[in-house]
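Q: Sequence below, structure please.
(chains A and B)
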Amino acid sequence: MSGIQEDDDLVFHKITSLLEPLNEKGVKLTRETDIIADLEIDSVSLLDVVMDIEDNYDISIPVNTISEIKTIGELVDAIHKIKKEQS
Amino acid sequence: MGLFDKFEKNAALLSQLSAAGKNPFTVVMEEVLGPTRAKIKGRETVLAGTHNYLGQTFEPKAIAAAKEALDHDGTGTTGSRVANGTFSGHTKLEREIADFLGMKNCVVFSTGYAANLGAIAGFVDRNEDVVLIDADCHACIYDGCQLSGAETVRFRHNDPESLDKRLSRLDPKYNGKLVCIEGMYSMYGDIAPVKEFVEVAHKHGAHLLVDEAHSFGVYGETGKGVSEAEGVMDEIDFYTGTFSKALASIGGFMASNHPEAEYIRFASNPYRFTASPSPSTIASAGAALANISENPAIRAKLWENARRLHGAFVQFGLRLAAKPAPVISVLLPTREDAFEAWSFLLEQGVYVNMAIPPGTPGKESLLRLAVSSAHTNDDIDRLVAAYGALAEAFPSARVDGNA
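A: Prediction:
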């Protein structure tokens, strides 16, 4: 497993662990899961989850970026991109 | 079809609530009987869901000033501030607000919403600057960020350390940095540690904007707001406020000690491309402002009422969002509870606001009571009785509700 793949899995795991408490319908969380539509969470709850991610990785994810993200996979990719830029 | 699909989910809930006569969003004040009373559904009701903090909606001096302005200057300006919509009343009020706050300049907008929208979008450049906002900021601050197009970063509510962290990790590419907080937050009635925010913002070379919409006229030794109570009036960079709460009119403003701040008159669409406030609304706002200084007893009365209500609610074991403040919110676990509790209070002859997520800070819904200095002893007695009955009927509204 390459380093990037390993990191990818860790970020995915971190995100799903933060989303799980909000996953009231028990939807299976995959990279393709649409965070707002499939989990039926509101936009502010998503922003709050993102704030936890920011503090966890010590990065800043602008609100503008979040509004373009739909799926868990897109969020994982965005975090990688920002981690690279801000490291 | 298409455009309207997104309304479907809410439409079902709203029509269900309306059918049950329990829709908090379609209340009509059928007849206004005074600053704290109106007829709703044909019944005289105590109003505790307005933001008439200083009870100035029927202040005789404000009404007289508005009538005089109507007679002299007509009903409207029919133009924006940068065209034909600046009358002597507008510039006079700008001077009076600046003097009241002890600031160098003031720019009057058509609403408080437009003031934040216009200040943020006016100051922040989409390519060069960044905005950092408290997570619980009002929708107009979020919308101002969006209108500016600049990168926007949220920090944890009322947490200067969270701001410090985010400012520390900012890319050095940004030129200007604007931090936005509020004085008193309107949902819970909690106040910001403005002094700490000033220190953190300035340490990182950022400007601080404090929206005192709900705290102007209400907090501080002379009513200048939470920034005055915190002793940092001279240190904040931009002060925004509204005429629609303590001043009981409509309009908004941005005041500052930075001489350059006035340039937003030429850089801000919410200032340039909307009609200016009508002469009578400007005149009543000015008279209400003067009354804050002339009659400090109204602020004292507001606080007396707030403490009385808060104390009674604590006695009832209600789950309250914050310390005594002019906004007193009772937390309820679900929105179904909130709809039921809200209509229960209305049946008791009391009107308050109801708020549900995502319009609320947490996962909970709330009943928001806004105190007024115009609430009479009789009003307060009725509010206390209604909330006592609420505490009985809704265990979920009590601290021991889940026990």
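Q: Grab the longest helix from the chain for me.
A: Defaulting to chain A. Secondary structure of chain A read by DSSP state H shows that its longest helix is helix A:3-19.
Q: please go with chain B instead
A: Counting by DSSP H, the longest helix found in chain B is helix B:297-315.
Q: ok, residues contacting that helix?
A: Residues outside helix B:297-315 that contact it (CB atoms under 8 Å, 6 or more residues apart in numbering or on different chains) are B:53-56, B:217-218, B:223, B:291-292, B:320, B:323-326, B:328, B:330, B:369, B:371-373, B:375, B:380, B:383-384, B:387-388, B:391. Where C-beta positions appear, they are placed from N, C-alpha and C, glycine not excepted.
Q: hmm, try it at 7 Å
A: B:53-55, B:218, B:223, B:320, B:324-326, B:328, B:369, B:371-373, B:375, B:380, B:383-384, B:387 (CB atoms under 7 Å, 6 or more residues apart in numbering or on different chains).
Q: Tell me how far the helix or strand just after it lies from the chain's centre.
A: In the C-terminal direction, the helix or strand that comes right after helix B:297-315 (DSSP states H and E) is strand B:327-332. When distances are taken as CA atoms, centre = their mean, to the nearest Å, strand B:327-332 is centred 16 Å away from the chain's centroid.
Q: try stretch A:34-41
A: Computed by CA atoms, centre = their mean, the chain-centroid distance of stretch A:34-41 equals 12 Å.
Q: Would you mind giving the secondary structure of the closest residue in space to residue A:66 that isn't next to it in sequence?
A: Ranked by CB to CB, 6 or more residues apart in numbering or on different chains and with sequence neighbours excluded, the top spatial neighbour of residue A:66 is residue A:50, at 5.5 Å. Under DSSP: H, G, I helix; E, B strand; the rest coil, residue A:50 falls in the helix class.
Q: quick revisit: what helices and strands are in contact with the next helix or strand after the longest helix of chain A?
A: Per DSSP H and E, the first helix or strand lying C-terminal to helix A:3-19 is helix A:35-39. Contact analysis of helix A:35-39 by 3 or more CB pairs under 7 Å, 6 or more residues apart in numbering or on different chains; DSSP states H and E lists helix A:43-57 as its packing neighbours.
Q: From the rest of the structure, what touches the helix or strand bottoming out on mean pLDDT in chain A?
A: Least confident helix or strand of chain A, by mean pLDDT, DSSP states H and E, is helix A:3-19 with a mean of 82. Identification of contacts with helix A:3-19 by CB under 7 Å, 6+ apart yields A:29, A:31, A:39, A:49, A:52-53, A:56, A:72, A:75-76, A:79-80.
Q: residues in the stretch 101-250 of chain B within reach of chain A, list them.
A: Neighbours of chain A within the stretch 101-250 of chain B, by CB under 7 Å from any CB of the partner chain: B:135, B:145, B:151-154, B:156, B:166, B:169-171.
Q: From these, keep the buried residues only.
A: Among these, the ones that count as buried by 16 or more other CB atoms under 10 Å in any protein chain shown are B:135, B:145, B:151-154, B:156, B:166, B:170.
Q: What lies in contact with stretch B:161-180?
A: Around stretch B:161-180, the neighbours that count as contacts under CB under 7 Å, 6+ apart are A:58-60, A:86, B:120, B:123-125, B:128-134, B:137, B:141, B:153, B:155-156, B:197, B:200-201, B:204-209, B:211.
Q: what about 6 Å?
A: A:60, B:123-124, B:128-133, B:137, B:141, B:153, B:155-156, B:200-201, B:204, B:206-209 (CB atoms under 6 Å, 6 or more residues apart in numbering or on different chains).
Q: pLDDT value on the residue nearest to residue B:276 when sequence neighbours are not counted, please?
A: Spatially, and ignoring its direct neighbours in sequence, residue B:276 is nearest to residue B:85 (3.4 Å; CB to CB, 6+ apart). The per-residue pLDDT reported for residue B:85 equals 97.
Q: Give the rounded mean pLDDT of stretch B:48-62.
A: pLDDT averaged over stretch B:48-62 gives 97.
Q: Need the contact partners of it.
A: Applying CB under 6 Å, 6+ apart, the contact partners of stretch B:48-62 are B:35, B:217-218, B:245-246, B:248, B:284, B:287-288, B:291, B:298, B:302, B:326, B:351-353, B:369-370, B:372-374, B:383.
Q: Okay, and which of those residues map to strands?
A: Among these, DSSP state E puts B:351, B:353, B:369-370 in strands.
Q: and the two most separated of the buried ones among the residues of the stretch 101-250 of chain B next to chain A?
A: The most widely separated members of these, counting by CB to CB, are B:151 and B:156 (18.1 Å).
Q: does residue B:153 sit in a helix or strand, and which one?
A: Going by DSSP H and E, residue B:153 is part of strand B:151-155.
Q: Pairing partners for that strand, with directions?
A: Its sheet considered, strand B:151-155 pairs with strand B:130-134 (parallel) by DSSP bridges.
Q: so after the partner strand, what's the next helix or strand?
A: Note on strand B:130-134: by DSSP H and E, the next helix or strand toward the C-terminus is helix B:139-148.
Q: helices or strands up against that following helix?
A: helix B:112-123 (3 or more CB pairs under 6 Å, 6 or more residues apart in numbering or on different chains; DSSP states H and E).
Q: Name the surrounding residues that touch the helix or strand residue B:201 falls within.
A: For residue B:201, the host element (DSSP H and E) is helix B:194-203. Here helix B:194-203 makes contact (CB under 6 Å, 6+ apart) with B:160, B:163-164, B:179, B:181, B:208, B:226-227, B:230, B:232, B:235.
Q: go with 8 Å
A: B:160-161, B:163-164, B:167, B:177, B:179, B:181, B:183, B:207-208, B:210, B:226-227, B:230-232, B:235-236.
Q: now stretch B:369-386
A: B:34-37, B:46-55, B:57-58, B:298-299, B:301-302, B:305-306, B:308-309, B:312, B:326-330, B:345, B:348-350, B:352-353.
Q: burial measure for the residue lying closest to residue A:29 once chain neighbours are set aside, as a count.
A: Nearest non-adjacent residue to residue A:29, counting by CB to CB, 6+ apart: residue A:16, 4.6 Å away. Counted with other CB atoms under 10 Å in any protein chain shown, the neighbours of residue A:16 add up to 17.
Q: Buried ones in the least confident helix or strand of chain A, by neighbour count?
A: So, applying 16+ other CB under 10 Å, buried residues of helix A:3-19: A:8, A:11-12, A:14-16, A:18-19.
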